[in-house]
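Participant: all I have is the shape, not the residue letters:
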């Protein structure tokens, strides 16, 4: 496997160190460190995170389905499992590191329920770790309900603060995560959950998304956020389905993404910068590359309506 040419994305001091490093992807790798693949404790999870290139001071965006890795040793309840992962990240990132998670509130669009960054729950499909981060003191959650990001750490206010209601693009949390070259970490799941691709699509300008404005209130505690959330969403009547597996395979083959086995599942990591640069090139070759198939647009109907009469 080729390794990334962007050596600064990883924790190794020398290029040679990175070339010699191998992910903990086999039983032999773990046993050489006195570990086993099926063990899930602080030593194995932190070793795994470091093998993925997670370093002190990093910004990480975490997508997760924690139970796919199994139950951590000595974790007796839900709270213990959540703190197991939080402690693992914080032990590596240190005080200068920042943890971000998707914190969407889908009920805003589905049912017109007002969104409050402080009190609205995280939609259950995003997993317990996202919800847990939103309960922590000092967390900051961004204002667009459908693409909200919650963060803790020194960069939390920069990522998720302010009054921006943009879902993607300039001044959105996704743009700010990219500006910090955040590392996306997928625990127990693959890149099929990677919302960041829609930020790339908006920046490129794909024809299968359009901007939708939502008129329901958004507040930050007692303070209304002025304006209306704007999100890039797909057309619903053209058979648009996403398939990110080929893009994930491309990033892994080029050594830009890394995947390792820990516990009963896998963890994958890739930087926002590498993903953005490769994603732009990917779409240049095929504007529908993130989709299962090209949309079934109808001639004469938006967005395939041609010159207006």
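Facilitator: Nice, thanks for sending it over. In this text the structure is predicted, and so the values were computed from the model without any measurement. Numbering: from 1, shown residues only.

Participant: only C-alpha atoms for contact and neighbour calcs from this point on.
Facilitator: Will do.

Participant: sketch out the helices for the chain, chain order is fine.
Facilitator: 15-20, 27-31, 42-51, 78-93, 107-111, 128-133, 156-160, 173-179, 196-204, 245-253, 272-285 (DSSP state H).

Participant: of the ones you listed, which is nearest residue 220?
Facilitator: Counting by C-alpha to C-alpha, residue 220 lies closest to helix 156-160 out of these; the figure is 11.5 Å.

Participant: what about that closest one, average pLDDT?
Facilitator: Within the predicted structure, the mean pLDDT of helix 156-160 is 98.

Participant: repeat that for stretch 205-223.
Facilitator: For stretch 205-223, the mean per-residue pLDDT is 96.

Participant: span of it from start to end?
Facilitator: End-to-end span of stretch 205-223 (C-alpha to C-alpha, to the nearest Å): 33 Å.

Participant: what separates that stretch from the chain centre, distance-wise?
Facilitator: 19 Å (C-alpha atoms, centre = their mean, to the nearest Å).

Participant: so what touches it?
Facilitator: When contacts are taken as C-alpha atoms under 8 Å, 6 or more residues apart in numbering, the neighbours of stretch 205-223 outside the stretch itself are 108-109, 112-119, 143, 202, 224-226, 228-235, 240, 287-288, 295, 303.

Participant: mind checking which of these are in strands?
Facilitator: When the contacts of stretch 205-223 are checked against strands using DSSP state E, the ones located there are 115, 116, 224, 230, 231, 232, 233, 234.

Participant: among these, which ones are buried?
Facilitator: Buried residues within those, defined by neighbour count using 16 or more other C-alpha atoms under 10 Å: 115, 116, 230, 231, 232, 234.

Participant: and which of those is nearest residue 91?
Facilitator: residue 116 (30.8 Å).

Participant: returning to that earlier point: which two in the ones in strands among the contacts of stretch 205-223 are spaced the farthest apart?
Facilitator: 224 and 234 (28.0 Å).

Participant: worst mean pLDDT among the helices of the chain?
Facilitator: helix 15-20 has the lowest average pLDDT among the helices of the chain, namely a mean of 31.

Participant: how many other residues sit next to residue 160?
Facilitator: 28 (other C-alpha atoms under 10 Å).
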